[in-house]
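> everything below, folded, please.
(one chain, ligands or ions: 1)
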Amino acid sequence: MNKKPLHSLLFCVALIPVTAWAHEFDGARPDAHAPISIMGEHTHNAREWMLSYRYMFMDMDGMQTGTDAVTSSEVFAANYTVTPERMTMDMHMFGLMHAPSDRLTLMAMIPFKEIAMDHRIFPNALPLISLNGGIDTFTTRSEGFGDFKSAALYQFWNKENQRAHFGFGISLPTGSIGQKDLVPGPGGRIDRQLPSPMQLGSGTVDLFPSLTFLAQQENWSFGFQGNGIIRLGENHHNYRLGHEFNATTWLSWKVGDAISIASKIKYRTLGEIEGVQSDLSFHPPFAPARRTVPTAFSENYGGESLDLGFSLNYLVRKGKLRGNRIAFEWSVPVWQKLNGFQLQTDYIMTLGWQFAWK
Ligand SMILES: [Cu+2]
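Alright, predicted model coming up:
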């Protein structure tokens with residue numbers, strides 16, 4: 001799988017014609033929902049509503065260049081004075097869906113993020129270590145609401161056991177891109193603008209087109225979603241995040257009336273940052289020939305990855321709690337190719353609750 005992520009994708013896409021079968025698509029089955037981290041993958045019947053909450057935890061540990069892990073010393077050897085060593089993000093995502101008709105489903109969501117990044121200072125950068133109170137590590141944090149996103153999903157195919165819909169989403173820059181925290185600098189620890197991975201929003205209006213295909217068999221389901229993020233213009237810190245494209249396929253097995261398990265494979269490609277992030281420092285004042293930190297430089301953004309995920313869906317189909325769904329997903333990158341020097345993703349865990357009613 002190492003160097004040929006596209007082959008696995010093409011294999012999954014080749015499964016599509018195999019899934020023709022003569023029975024009705026049942027949107028109320030537990031396997032009618034994709035692994036919980038996938039957004040906008042289902043539509044609703046006319047007049048249905050859905051409220052959802054997802055908790056996502058992402059752990060990024062250790063630096064990487066290309067497909068190789070690198071140590072902090074190797075980042076310092078590449079002329080950087082500070083390196084990230086770990087980043088965690090806790091995200092709480094609140095969502096609402098409503099279908100005015102069988103064909104059209106509308107959705108809105110907003111995330112709340114808590115981000116922390118641990119850094120290490122080059123041992124030879126003694127002036128910086130002394131400004132940092134004599135220690136060679138520091139952590140920056142940010143938290144708050146991210147970008148508000150709304151989307152329309154239009155079902156253009158619903159025949160026998162197959163469904164397909166287009167999605168068109170737009171995200172508004174409600175999340176702050178002016179988050180600051182204390183970092184070592186001239187005169188001690190000072191409140192400085194944080195680089196973009198620590199920011200809560202993109203700062204630009206972003207478009208989210210998507211195409212989803214679903215097929216159901218008697219005891220299992222298949223899904224495919226291709227989606228993109230197109231960033232418009234430039235934000236007020238003089239940059240814009242890279243455009244993004246994702247292709248995800250999943251297979252779900254219905255192991256009972258209420259439970260399904262699934263596996264997914266996701267290919268992602270993300271562009272570099274365009275522009276130069278304003279209000280960051282690029283060269284330490286005491287060593288102008290060195291660079292500050294990889295996250296300040298646009299070439300240390302973007303890349304490709306292939307993630308493998310496993311998930312469990314539990315759907316309450318009778319009684320007072322009918323319509324509640326609880327889902328869990330564990331996802332790990334099996335291949336990452338990162339531009340420049342970046343933190344590598346260790347795993348992403350998603351826990352979700354959804355409640356649908358009519
Ligand atoms: Cu829904």
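
> and the stretch 201-350 of the chain, which of its residues are near the ion?
Not one residue of the stretch 201-350 of the chain sits near the ion, judged by CB under 5 Å from the ion. Yep, even glycine has a C-beta here, placed from its N, CA and C like the rest.

> can you give me the helices for the protein?
5-14, 72-77, 126-131 (DSSP state H).

> for the second one, give the mean pLDDT please.
The average pLDDT within helix 72-77 is 98.

> list phi and psi for the closest residue to Gly203 other than its chain neighbours.
The shortest distance from Gly203 to any non-neighbouring residue, by CB to CB, 6 or more residues apart in numbering, is to Asn235 (2.7 Å). When read as degrees, to the nearest 10, the backbone of Asn235 gives phi -80, psi 180.

> what's the local residue count around Asn235?
The tally of other residues near Asn235 (other CB atoms under 10 Å) stands at 21.

> pretty sure it contacts Gly175?
No - using CB atoms under 8 Å, Asn235 is not in contact with Gly175; the gap is 10.6 Å.

> contact partners for the residue in the stretch 51-200 of the chain that the ion sits nearest to?
Residue nearest to the ion within the stretch 51-200 of the chain (CB to the ion): Met97, separated by 3.9 Å. By CB atoms under 8 Å, 6 or more residues apart in numbering, the contact set of Met97 is 44, 48-50, 52, 105-107.

> return the residues in contact with the nearest residue to Val316 once chain neighbours are set aside.
Nearest non-adjacent residue to Val316, counting by CB to CB, 6+ apart: Asn324, 4.6 Å away. Residues near Asn324 by CB under 8 Å, 6+ apart: 315-316, 353-355.

> bridging residues for Asn324?
Phe355 (DSSP bridges).

> quick check: the gap between it and Trp253.
Distance from Asn324 to Trp253, counting by CB to CB, to the nearest Å: 21 Å.

> next one: Arg231
In terms of CB to CB, Arg231 sits 37 Å off from Trp253.

> which one's more surrounded, those two?
Arg231 (22 against 15).

> re the thing from before, any shared contact partners between Asn235 and Gly175?
202-203.

> can you pull the contacts of Leu214?
Applying CB under 8 Å, 6+ apart, the residues near Leu214 are 25, 32, 41-42, 162-164, 221-223.

> check Leu51 too.
Contacts of Leu51 by CB under 8 Å, 6+ apart are 95-96, 354-355.

> what's the pLDDT at it?
On the pLDDT scale, Leu51 gets 97.

> again with Lys3
Reported pLDDT for Lys3: 47.

> so what's Gly169 up against?
40, 107, 149-152, 207-210 are the contacts of Gly169 under CB under 8 Å, 6+ apart.

> could you double-check that Ser37 lies in contact with Ser331?
Yes - using CB under 8 Å, Ser37 is in contact with Ser331, at 6.5 Å.

> what do the two both touch?
In contact with both Ser37 and Ser331: 309, 348, 350, using CB under 8 Å, 6+ apart.

> the ion: which of those residues is nearest?
Once CB to the ion is applied, the member of the shared contacts of Ser37 and Ser331 that ends up nearest the ion is Thr350, at 15.4 Å.
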